[in-house]
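# Give the three-dimensional model of this entry:
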Amino acid sequence: QVQLVESGGGLVQAGGSLRLSCTASGRTSSSLRMAWFRQAPGTERAFVAAISRIGGRTTYADSVKGRFTISRDNAKNTVNLEMNSLNSEDTAVYYCAASFFSAGQYNYWGQGTQVTVSS
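Okay, here's the model as predicted:
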């Protein structure tokens, strides 16, 4: 079993930055493929970014490319999402997700952290 806890959300002005962190506990977190998703009010949960188990490969949604950076620190069992040039469309609850498989659905989810961007 894996537990995921997100932190770092909050209120930020448009154009600002935030750093989200997700700490994993339980089974070996370095074996996990990790990702961030987000869900805005009235919408479905959407993919934001993912990082491979070793950390050498990252993927991003088109809407965040060039603004967001995902990284991981396996020694600290954390994955981070650095968010820059935030705008109102980035307002959402952000969820950390994990899987032991190299592809497919994510099996473990955090509770989410709210990010609100004010214009």
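
# where along the chain do the strands fall?
2-7, 10-13, 18-26, 33-39, 46-51, 58-60, 68-73, 78-83, 92-99, 108-109, 113-118 (DSSP state E).

# what sits opposite the residue most central in space within the chain in the beta ladder?
In the chain, the residue lying closest to the centroid (Cα atoms, centre = their mean) is residue 36, at 2.6 Å. Taking DSSP bridges, one obtains residue 49, residue 96 as the residues bridged to residue 36.

# ditto for residue 83
Bridge pairing for residue 83 - DSSP bridges - gives residue 18, residue 68.

# Show me the shaky parts of the protein.
28-30, 55 (pLDDT under 70).

# Kindly recompute the last result at 80.
Counting by pLDDT under 80, the low-confidence segments of the chain come to 27-30, 54-56.

# how much space between residue 74 and residue 8?
With distances taken as Cβ to Cβ, to the nearest Å, residue 74 is found 19 Å from residue 8. For every residue, glycine as well, the C-beta is placed using N, CA and C.
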